[in-house]
Structure formats: C-alpha cells, structure tokens
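Peer 1: Need coordinates for the following:
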Amino acid sequence: MRALLPFPDISPEIFAISLFGFEFALRWYALAYIVGILLGWRLVVLAVQTPRLWPNSTAVMTKTQIEDLLTWVIIGVILGGRLGYVAFYQPAYYLQNPSEILAVWQGGMAFHGGLLGVVFAGLIYTWRHDIPRLSAADIMALGVPPGLLLGRLANFINAELWGRPTDVPWAVAFPTDAAQDCPGVVGICGRHPSQLYEAGLEGLLLGAVLIWMVWRLGALKTPGRIAGMFFAGYGAARFLVEFVRQPDAQFISDGNPLGLAWQVGAWGLTMGQILSLPMILLGLWLMARARRSG
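Peer 2: Presented below is the predicted three-dimensional model:
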C-alpha cells in the first residue's frame, strides 16, 4: 500500500455567524486576500520611506500615493482575474451565459488575468499622476509575493487546484470527489500538493529574492530590475509547477489526458505554461534593459 499524507482537517471557513436570517462567513481565501494585500502594502510603504534605496535618495511615490494606488490595484485584481478566467479558460461557456461573467462569488479567477488588470490599473494611475512607470512597476512587484504565498496556502486549505496523481512519498489524499477521480488508480488517490509548491516558489522564495535585491543590492536604483525579476521568476515557477498541476477539466479529453491547451503529437503546453512564457520573456527583457541603463 502506498504511503499517503492525510489531508489536514481544516475547515475552509474560519467562522460563520447568522444575522437576521442571513449567514456570514469568513473564509481562509478571503483572509488570505486581505492579509496579503496588507502585508504587500506595508512592504511597499517601508520601501518608499527608505530614501537610500532610491536614485538620488528620493522615492518616486509617496505613502499617500501608494494608498491611492492600492484601491486601483484591488479593482484591477478582481476585474482582471475574473475576466482573465472567462477569456483564458472557459470562453465558450461564458459566451453562452454572459450574465455569469461578473459572478465572482461563484468562483473562477485567473492569476494572469489579475496581473493584466493590475498592469492596466498601474498604467492609468501613473499616467494621471506623472509617475515613472518602471519604478512604479518595481514597487508594485515587490508587494505581490505575500499575497501569492497566502493565496496558495488558502487554495490548499480549500482542497482546490491540486496536482496530478502521483506516488511520491509526500502525495496528499485530497478529500473531494473530483480529486479522488483518478483513472487507473485503485484505492485512495494521492496527488501532488501543487498549491504548496507554488506557495514556496512564487511566494516565499520569489518574495525573499525581491526583498534581498531591494535592501541588499539596491535594485530599485535601476528601474525595471525588480519588475523583471518578478515577471521572470513567477513565470518560471508557474511553468515548472504546471508539469505536476492538474489542468482545468475543460482541456482534458480521451485524446488529451494531460490537458494540454496546445499540442503537437505527444508534446505540448498547458494553458498556464502558455500564459507564463510571455511573462518570462518580458521579465528577461526588463532585467537586460535595466542592466544596460545601470
């Protein structure tokens, strides 16, 4: 019998209360968003309040501007994440059910869409306030990893976005019916805890690298360097984890059991890998550009 790690007995809801016939619940996923945004905001504020980190010892934004930009970022994350999920993962369904496009409470958000939403919001804000865009991109990138770390941990607690079936010693037996639907597996199905892989790579490791680059290497003095590392680092981490992450069900078929969105014979890429490649290229270009200008 294969060794499996049991799924921890943690409820997706931290607590729930009933008021006037309505039930209100605080879920780990919502808390992850809230705490991740607060930690990212605090990290960015700390950076703009440290003059030595910036060219000519002058930050490109004030604390007040950071707080104003945060509102734009939150809107960009929600709208971009939802529209990205609709466009990248289930366009046919939502073309037939357009009234459900903005129904975020039903679930379905895409990181790459949320990223595009944040980029768009940042472009508008920096244009309106005449803020150097590459430096603004750097400090925005610095604030993202805490949210990624906590969001992926919340995905694990919710028993969602799990990995492919595996027999590695740390395989996790996720409790949902969908997670236990593993063709060819007899008994309990163990899967890669891909949410934890992503939490470690996209959140913890990438966040530590960015903090080290900012406070030890003075990377904010060369605009575009931090943003480039974030784009390349996240893209590479997501590309690698996609090899063991279960793809979305709409991409899986009898002739395509790996759920490849682009396939040539036995080779191909998942949708997550396709969306990550432009991030890697953009990140490498930004870092090369920063190195030349530095």
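Peer 1: helix/strand/coil for the residue nearest to A219 when sequence neighbours are not counted?
Peer 2: Excluding the flanking residues, the one nearest A219 by Cβ to Cβ, 6 or more residues apart in numbering is M213, at 4.0 Å. C-betas here are computed from N, CA, C, even on glycine. Assigned with DSSP: H, G, I helix; E, B strand; the rest coil, M213 falls in the helix class.
Peer 1: In this structure M213 contacts T222, no?
Peer 2: No - look at M213 against T222 with Cβ atoms under 8 Å: they stay out of range, at 10.0 Å.
Peer 1: ok so, going back, might you report the residue contacts of the residue nearest to A219?
Peer 2: 219, 225-226, 229 (Cβ atoms under 8 Å, 6 or more residues apart in numbering).
Peer 1: Neighbour-wise, give me the winner out of these.
Peer 2: I226 (29 neighbours; other Cβ atoms under 10 Å).
Peer 1: Does it lie in a helix or a strand, and which?
Peer 2: I226 is located in helix 225-241, with elements delineated by DSSP states H and E.
Peer 1: Would you mind measuring from I66 to V214?
Peer 2: Here I66 is placed at a distance of 15 Å from V214 (Cβ to Cβ, to the nearest Å).
Peer 1: Check L149 too.
Peer 2: From L149 to V214 the distance is 17 Å (Cβ to Cβ).
Peer 1: now the strands for the stretch 101-250 of the chain?
Peer 2: Using DSSP state E, counting those that start in this stretch, the strands of the stretch 101-250 of the chain run over residues 172-173.
Peer 1: For it, which residues score under the pLDDT cut-off?
Peer 2: Applying pLDDT under 70 to the stretch 101-250 of the chain flags residues 104-107.
Peer 1: can you give me the helices for it?
Peer 2: With helices called from DSSP state H, counting those that start in this stretch, the stretch 101-250 of the chain shows them at 111-129, 133-142, 145-157, 194-198, 206-215, 225-241.
Peer 1: Could you export those to a markdown table, including columns for distance to Y94?
Peer 2: Output for the helices of the stretch 101-250 of the chain, formatted as a markdown table (distance: least, Cβ to Cβ, whole Å):
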| stretch | distance to Y94 |
| --- | --- |
| helix 111-129 | 13 |
| helix 133-142 | 28 |
| helix 145-157 | 22 |
| helix 194-198 | 25 |
| helix 206-215 | 31 |
| helix 225-241 | 23 |
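Peer 1: Please identify which of those helices is closest to R164.
Peer 2: Closest approach to R164 among the helices of the stretch 101-250 of the chain (Cβ to Cβ): helix 194-198, 8.0 Å.
Peer 1: which strands and helices sit next to that closest one?
Peer 2: helix 145-157, helix 225-241 (3 or more Cβ pairs under 8 Å, 6 or more residues apart in numbering; DSSP states H and E).
Peer 1: List the buried residues in the last one.
Peer 2: Same thing as helix 225-241. Judged by neighbour count using 16 or more other Cβ atoms under 10 Å, the buried positions of helix 225-241 are 225-239, 241.
Peer 1: same for the lengthiest helix in the chain, what does it pack against?
Peer 2: Scanning the chain for the helix with the most residues, using DSSP state H, yields helix 63-88. Contacts defined by 3+ Cβ pairs under 8 Å, 6+ apart place helix 63-88 against helix 28-48, helix 111-129, helix 133-142.
Peer 1: Could you dump the ones you listed into JSON lines with distance to L79 added?
Peer 2: Shown next, in JSON lines, are the helices and strands packed on helix 63-88 (distance: least, Cβ to Cβ, whole Å):
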{"stretch": "helix 28-48", "distance to L79": "14"}
{"stretch": "helix 111-129", "distance to L79": "5"}
{"stretch": "helix 133-142", "distance to L79": "16"}
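Peer 1: Report the separation between the residue lying closest to A227 once chain neighbours are set aside and L123.
Peer 2: Leaving aside its sequence neighbours, A227 sits nearest to A137 (Cβ to Cβ, 6+ apart; 3.9 Å). Here A137 is placed at a distance of 9 Å from L123 (Cβ to Cβ).
Peer 1: Kindly report the same for L277.
Peer 2: Taking Cβ to Cβ, one finds L277 at 22 Å from L123.
Peer 1: Quick check: the nearest residue to L206 once chain neighbours are set aside vs I226, distance?
Peer 2: Of all residues not flanking L206 in the chain, G233 sits nearest, at 4.5 Å (Cβ to Cβ, 6+ apart). Look at G233 and I226: by Cβ to Cβ, they are 10 Å apart.
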